[in-house]
Every structure is written in structure tokens, then in C-alpha cells.
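Let me see the structure of the following:
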Amino acid sequence: MEQDLNRIKLVLVEKKKTGKWLAQELGVSECTVSRWASNKAQPNLSSLNAIAKLLGVEMKDLLRS
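Coordinates of the predicted model:
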């Protein structure tokens, strides 16, 4: 059973932002953001910090507890 480790997709929806927007802001591919949002891959800490800043949330808000 896979466990979702991040909440990136939910926070994007809450902030009314798209994966395409996030990819452009971070300078990564939409495919990369899609894999993060679907929990098929996880961003490194540097990327997670950048995502949090762009979305105006704390890093802990992007992670499942």
C-alpha cells in the first residue's frame, strides 16, 4: 500500500494555482510537478522550500503528518 507523502496537489487547489504555473515558476517540467503532485516522486528539500515560498505556506503544510 502506497502512502501519500506530500500535499502539493491539495495546496495547489487551495491556492487556486496549477501545476503548469508551479513548473514555470520553478523552472522544471510539468511532468516533474505532476509526479510530485501524484506522489509518484518527491521533491528534494530545496524544491520543497521553493514550493512553500511560492505558495505562501510553511514547508510542513506541504507534508503529511
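
Give me the contact list for the helix of greatest length in the chain.
Using DSSP state H, we find that the single longest helix of the chain is helix 45-55. The contact list for helix 45-55, computed with Cβ atoms under 8 Å, 6 or more residues apart in numbering, reads 6, 8, 11-12, 15, 17, 22, 25-26, 28, 43, 58-59, 61-63. For every residue, glycine as well, the C-beta is placed using N, CA and C.

Give me the pLDDT for Glu2.
If you check Glu2, the pLDDT there is 56.

can you give me how far stretch 34-41 is from the chain middle?
Relative to its chain's centre, stretch 34-41 lies at 8 Å (Cα atoms, centre = their mean, to the nearest Å).

How about stretch 41-60?
Counting by Cα atoms, centre = their mean, stretch 41-60 comes out at 6 Å from the chain centroid.

Now do the buried residues in stretch 16-25.
19, 22-23 (16 or more other Cβ atoms under 10 Å).

same check, this time on stretch 50-59
Of the residues in stretch 50-59, 50-52, 55 count as buried by neighbour count, 16+ other Cβ under 10 Å.

Pass me the low-pLDDT residue ranges in this structure, would you?
Scanning the chain with the threshold set as pLDDT under 70 gives 1-2.

Please enumerate the helices of it.
Along the chain, the stretches classed as helices by DSSP H are 8-14, 19-26, 30-37, 45-55.

Just the CA trace of the last one, in CSV.
Yep, that's helix 45-55 we're talking about. Only the C-alpha atoms of helix 45-55 are listed here, as CSV (Å, rounded to 0.1, in the frame of the first residue of the first chain):
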residue,chain,number,x,y,z
LEU,A,45,14.2,19.8,0.3
SER,A,46,15.4,22.7,-1.8
SER,A,47,12.5,22.3,-4.2
LEU,A,48,10.0,21.8,-1.3
ASN,A,49,11.2,25.0,0.3
ALA,A,50,10.8,26.9,-3.0
ILE,A,51,7.3,25.4,-3.5
ALA,A,52,6.3,26.5,0.0
LYS,A,53,7.6,30.1,-0.6
LEU,A,54,5.8,30.3,-4.0
LEU,A,55,2.5,29.1,-2.4
